[in-house]
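>>> Okay, sequence plus prediction incoming.
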Amino acid sequence: MEAYKHKIQYYETDKMGVTHHSNYIRWMEEARVYLLDDLGFSYKKLEESGIISPVTNVECKFVHSTTFDELISIKVYVEEVKSVKIKIAYVMTNEEGKIVCKGKSEHCFLDVNGGFINISKKMPDFYEVLLKNQSEETQG
């Protein structure tokens with residue numbers, strides 16, 4: 001899968017001209033939406049099926065600062081999938097290929113009433129696609 005690309009906007013920077021740390025979490029979400037679209041199971045499709053997938057944990061390690069107008073590539077991977085949760089990993093690099101940030105997010109699968117869903121039973125085709133695309137390529 002191609003890496004997700006994000007061009008840093010002026011409003012994403014602080015008074016010092018450096019990207020504000022909160023934006024990296026937003027970019028992780030953008031990349032996650034991109035991943036699910038690429039796998040054929042968009043957030044919209046999941047929600048129309050009665051499934052929501054809230055964030056239960058997020059990690060973000062800042063390696064190198066970024067600034068306005070840089071193009072950031074975000075490799076996004078399914079790191080681990082289980083019946084009721086998924087872990088997704090992200091590696092962000094600048095145009096020189098230098099790692100600027102590494103992150104992870106964990107999500108559970110719930111129905112619209114907040115009850116846990118066993119995704120392997122509710123949507124076995126989605127579960128199989130996630131398993132097939134599970135990767136450990138986030139090292140680096």
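Thanks, I have it.
>>> Helices of this structure, start to end?
Listed in chain order, the helices of the chain (DSSP state H) span 22-39, 43-48, 119-122, 124-132.
>>> out of the ones you listed, deepest packed?
Most buried of these by mean neighbour count (mean count of other Cβ atoms under 10 Å) is helix 22-39; its value is a mean of 18. Any C-beta I mention is one placed from the backbone N, CA and C, and that applies to glycine too.
>>> Tell me which other helices or strands that helix touches.
For helix 22-39, the packing partners by 3 or more Cβ pairs under 8 Å, 6 or more residues apart in numbering; DSSP states H and E come out as strand 4-7, helix 43-48, strand 55-62, strand 71-81, strand 85-93, strand 99-108.
>>> Are there helices or strands packed against the fourth one, and which ones?
If I follow you right, that is strand 71-81. Looks like strand 71-81 contacts strand 4-7, helix 22-39, strand 85-93, helix 124-132 (3+ Cβ pairs under 8 Å, 6+ apart).
>>> could I get these as CSV with distance to Gly103?
Below are these laid out as CSV (distance: least, Cβ to Cβ, whole Å):
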stretch, distance to Gly103
strand 4-7, 13
helix 22-39, 5
strand 85-93, 4
helix 124-132, 19
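>>> Which of these sits closest to Cys101?
Among the helices and strands packed on strand 71-81, strand 85-93 comes nearest to Cys101, with 4.2 Å by Cβ to Cβ.
>>> what mean pLDDT would you report for that closest one?
For strand 85-93, mean pLDDT rounds to 98.
>>> again with stretch 43-62
The predicted model gives stretch 43-62 an average pLDDT of 96.
>>> quick one: the nearest residue to Lys122 once chain neighbours are set aside from Lys98, how far?
Of all residues not flanking Lys122 in the chain, Ile51 sits nearest, at 6.9 Å (Cβ to Cβ, 6 or more residues apart in numbering). Computed as Cβ to Cβ, to the nearest Å, the Ile51 to Lys98 distance reads 37 Å.
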